[in-house]
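Peer 1: below is the sequence, then the predicted model.
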Amino acid sequence: MSTPTQTTDYFTLAATVAGTAACTLMAAAAYSRITGGCKKRQGGKVAAATPVPNTVPTEEEVKALPEAYLNQKLFNCYRQAARLGIIERAAAFDQTWNEDKLDRFLARVVSRDLRTTGPTWILEKTGQPVTMFGANDYLGLTHRPEVSEAVIRAVEQYGTGLGGPPLYHGTTAVHAELIKELAEWKGFEHALLTSSGFSANMAWVTALVTEGDLLLLDEHIHGSVRAGAPKNAQYFLHNNIDSLKEHLEAAKAFGKWSSVFVCVEAVYSMAGDIAPLPEIVAVCKAYGAHVVVDEAHSTGVLGDGAGAIHHFHIDPKDVLLDLVTFSKALASTGAALLGSRAVLELIRLFGRPYVLSTSMTPMHVAGVLGAVRVIRKDGKELCAKLHRNMAYLSSKLVPEYLPKPLESGIVVITIRSSIDASYVVEYFARHGVFISAVGWPAVPHTHQGMRVTISAEHTTEELDHLVALIKAFDLKYVAPPSKLAGQCPPSPKAFSNAPPSPRAFSYVNTPPPSPGAFGTPSSPHN
């Protein structure tokens with residue numbers, strides 16, 4: 001029986017953060033030139049794997065890189081086209097795309113050669129192998145036999161899908177088994193499975209946060225939380241406990257919020273730094289606020305694989321919700337919210353992204369279950385390998401190219417504004433390293449870079465090759481500017497004198513709006 005093909009979308013990162021399709025353009029600029037499409041080589045159907053190139057660009061190649069015009073050009077196009085109708089807006093983007101000769105792009109898939117060891121992937125257009133530094137497969141579980149075999153068994157038993165949402169007929173015995181295993185592993189009462197991390201964040205925000213509540217978010221919070229956040233949501237300085245205290249103090253002085261929610265990422269996807277969770281939980285507990293932790297990039301990385309809450313020895317009862325995504329270290333797709341049964345029941349009934357979405361397929365659920373069991377058995381050893389690689393890479397790049405040692409498997413390198421990030425990614429691939437470009441709107445339009453992910457599978461030779469390429473292009477990390485820096489601390493006066501009314505659930509007898517109700521449209525902003 002052949003092994004099912006694994007697929008991974010490498011443009012989802014920017015799309016999720018920004019919530020707009022424009023974010024794919026910069027990354028596609030590189031990948032359309034690099035790959036021409038990539039595919040898995042099925043066992044016995046192709047020749048033996050060729051070695052990954054271990055070369056670095058010459059000084060002439062580096063000097064010949066095109067200037068960084070695309071990031072700014074796409075940003076300008078977005079601003080100018082925002083007031084156009086959808087047809088004219090699409091035509092404006094299409095013109096920009098074709099002017100830059102990027103219309104060759106089609107959605108590409110990059111997949112693993114399962115016959116090799118280590119993170120070796122194949123470029124379909126050329127057949128060239130590359131070392132993958134762009135996938136979130138932190139522990140290398142996407143090709144573990146325990147995981148693959150669990151998926152195959154589930155396909156044989158359940159087929160490829162269920163064709164319905166969880167509340168109807170979209171829950172099977174394997175779903176119930178994963179829910180029980182996750183809750184036991186993470187130390188929470190119950191779990192709720194969702195089709196993606198994006199839908200999980202949208203579901204809890206829309207189900208739990210009413211207009212009578214206050215939602216406080218770290219300024220670097222993931223775009224899936226921003227997408228569902230109400231208009232009165234507020235942002236505090238990144239990983240800044242004093243800024244969080246100021247917001248909580250203002251909310252306490254106002255005294256009319258039904259509930260206050262604070263949402264942070266345990267490991268931030270666009271910087272790789274860890275949130276000070278013990279301090280955040282302690283402050284929120286003192287002010288009676290509810291903590292929600294997004295553990296997309298800490299599960300499988302911290303706490304012997306169990307995540308940041310376990311790593312910091314935080315009592316799960318002090319966390320309202322813990323979000324775990326399955327598309328990173330857990331080698332599949334989908335997500336779960338963990339918490340008390342009562343709170344999760346509210347999300348189950350009123351979280352529309354959950355209620356109205358098709359259930360996770362049994363094969364994906366089985367794969368996640370297999371990955372969880374591998375981590376519970378071998379997580380300490382696998383995480384130790386990952387952290388050794390993080391320490392080794394840090395020793396090669398700190399302090400000249402990175403300001404401090406790596407805290408997670410994520411490395412974000414800034415690409416200076418004088419060259420185009422998409423071409424840097426292309427040159428890396430030519431020399432045997434596959435990375436991800438990061439541009440606007442995932443980051444400010446004046447800030448571009450590349451996102452590197454480290455795996456437990458990488459060898460020191462592969463890490464040395466990555467370091468050689470980073471040094472050849474003289475790529476150094478520069479922190480993006482804070483949009484909140486210099487702003488006055490929040491004041492109770494910023495809130496209305498009366499508590500907001502609860503969110504309305506019915507439009508019955510609501511009169512149609514008059515043209516004057518719309519006001520003047522505001523300009524889009526970065």
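Peer 2: Okay, I see it.

Peer 1: what pLDDT, on average, does stretch 320-339 get?
Peer 2: Confidence for stretch 320-339, expressed as mean pLDDT, is 97.

Peer 1: any idea how far that stretch is from the chain center?
Peer 2: Relative to its chain's centre, stretch 320-339 lies at 11 Å (CA atoms, centre = their mean, to the nearest Å).

Peer 1: how far does it stretch from one end to the other?
Peer 2: Start and end residues of stretch 320-339 are separated by 6 Å (CA to CA, to the nearest Å).

Peer 1: what about the residue nearest to residue 382 when sequence neighbours are not counted, distance to residue 54?
Peer 2: Leaving aside its sequence neighbours, residue 382 sits nearest to residue 139 (CB to CB, 6 or more residues apart in numbering; 4.6 Å). The way it works is simple: take the backbone N, C-alpha and C, and place the C-beta from them, glycine included. Separation of residue 139 from residue 54 (CB to CB, to the nearest Å): 25 Å.

Peer 1: more neighbours, the two?
Peer 2: Each of residue 139 and residue 54 has its neighbours counted (other CB atoms under 10 Å); residue 139 has more, 27 against 14.

Peer 1: just the element for that one, please.
Peer 2: Assigned by DSSP states H and E, residue 139 falls within no helix or strand.

Peer 1: for residue 179, give me phi and psi.
Peer 2: Backbone torsions of residue 179, given as degrees, to the nearest 10, read phi -60, psi -50.

Peer 1: state the number of residues packed around the closest residue in space to it that isn't next to it in sequence.
Peer 2: Closest residue to residue 179 apart from its sequence neighbours, by CB to CB, 6+ apart: residue 191 at 4.6 Å. By other CB under 10 Å, 22 other residues sit near residue 191.

Peer 1: can you give the strand pairings for the helix or strand where residue 191 lies, parallel or anti for each?
Peer 2: When elements are assigned from DSSP H and E, residue 191 belongs to strand 190-194. Strand 190-194 pairs in its sheet with strand 335-339 (antiparallel), by DSSP bridges.

Peer 1: can you give the contact residues for the strand it pairs with?
Peer 2: Applying CB atoms under 8 Å, 6 or more residues apart in numbering, the external contacts of strand 335-339 come out as 178-179, 182-183, 186, 188-197, 199-200, 203-204, 296, 316, 319-327, 344, 347.

Peer 1: same check on stretch 271-285?
Peer 2: Residues outside stretch 271-285 that contact it (CB under 8 Å, 6+ apart) are 218, 220, 239, 241, 244-245, 248, 262, 264-268, 289-291, 293, 297-298, 302, 308-309, 312, 314, 318-319, 406-412, 479.

Peer 1: pretty sure residue 237 contacts residue 490?
Peer 2: No: between residue 237 and residue 490 there is no contact under CB atoms under 8 Å: 11.4 Å.

Peer 1: gap between the two ends of stretch 347-361?
Peer 2: Note: stretch 347-361 ends 20 Å apart using CA to CA.

Peer 1: centre of the chain to stretch 166-182, how far?
Peer 2: Mean-position distance between stretch 166-182 and its chain equals 24 Å (CA atoms, centre = their mean).

Peer 1: quick one, helices of the stretch 51-200 of the chain?
Peer 2: Applying DSSP state H, counting those that start in this stretch to the stretch 51-200 of the chain gives helices spanning 59-63, 70-81, 86-99, 145-158, 173-186, 197-208.

Peer 1: redo the ones you listed as TSV? Include mean pLDDT.
Peer 2: Listed next are these as TSV, based on pLDDT from 0 to 100:
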stretch	mean pLDDT
helix 59-63	73
helix 70-81	65
helix 86-99	70
helix 145-158	96
helix 173-186	98
helix 197-208	96
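
Peer 1: ranking these by burial, who's on top?
Peer 2: Each of the helices of the stretch 51-200 of the chain was scored by mean neighbour count; the highest is helix 197-208, a mean of 25, by mean count of other CB atoms under 10 Å.

Peer 1: after that one, next one along is what?
Peer 2: Next in sequence after helix 197-208, counting helices and strands by DSSP H and E, comes strand 214-218.

Peer 1: no more questions from me, cheers.
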